[in-house]
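> give me a model of this one.
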Amino acid sequence: MPGLTDLQPITELTEASPLPVNVMAGPGAPLVAELASAGVRRVSIGTAITQAAYTLAKRTATKLLTTGSYAELEVALDFSTINSLFAPLIDRRSRLQRTQPPTASPQANLHAVTE
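Take a look at the predicted model:
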């Protein structure tokens, strides 16, 4: 439910719907715990993280160009931390590749579809 942030109608909707209710939230929306208490099954923030990253990039570039300051970069994660965030995904992918039989190449799949 994009844009719906009032807990009362959300609660009424979750109680009336036989399907799980998802809410697109953002600034001004209830907390995730409040939405969960209202029966919401999934909370999405859409493109908000990307928008926040672009906002930070713009602010950083503006500060650098206008004052020459690198101050905005002081809160940046170092590469080691960033890489460690991906380690669980890489480990999971490696485990899956070891446990699953090899699949046909994409070209073989394309060939089979076009026959």
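> tell me the strands in this protein, going along the chain?
In the chain, strands defined by DSSP state E lie at 22-24, 42-44, listed in chain order.
> in TSV: those, plus distance to residue 93 and mean pLDDT.
Yep, even glycine has a C-beta here, placed from its N, CA and C like the rest. Listed next are these as TSV, based on distance: least, C-beta to C-beta, whole Å; pLDDT from 0 to 100:
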stretch	distance to residue 93	mean pLDDT
strand 22-24	27	94
strand 42-44	24	94
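> point out the most buried one among these.
Mean neighbours per residue, mean count of other C-beta atoms under 10 Å, is largest over the strands of the chain for strand 22-24, with a mean of 18.
> other SSEs contacting that one?
strand 42-44 (3 or more C-beta pairs under 8 Å, 6 or more residues apart in numbering; DSSP states H and E).
> now do 10 Å
helix 7-16, helix 32-37, strand 42-44 (3 or more C-beta pairs under 10 Å, 6 or more residues apart in numbering; DSSP states H and E).
> buried residues of the longest one, list them for me.
Of the residues in helix 7-16, those buried by neighbour count under the rule 16 or more other C-beta atoms under 10 Å are 10-11, 13-14.
> next: the second one.
Of the residues in helix 32-37, those buried under the neighbour-count criterion (16+ other C-beta under 10 Å) are residue 35.
> I'd say residue 29 and residue 46 touch.
No - contact criterion C-beta atoms under 10 Å: residue 29 and residue 46 do not qualify, at 11.5 Å.
> possible to save the buried residues of helix 7-16 as TSV with pLDDT?
Output for these, formatted as TSV (pLDDT from 0 to 100):
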residue	pLDDT
10	95
11	96
13	95
14	96
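> dump these to CSV, plus distance to residue 91.
Below are the buried residues of helix 7-16 laid out as CSV (distance: C-beta to C-beta, whole Å):
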residue, distance to residue 91
10, 37
11, 40
13, 39
14, 36
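> on that earlier part again, and the helices and strands packed on strand 22-24: which comes nearest residue 68?
Distance to residue 68, taken as C-beta to C-beta, is lowest for strand 42-44 among the helices and strands packed on strand 22-24, at 39.0 Å.
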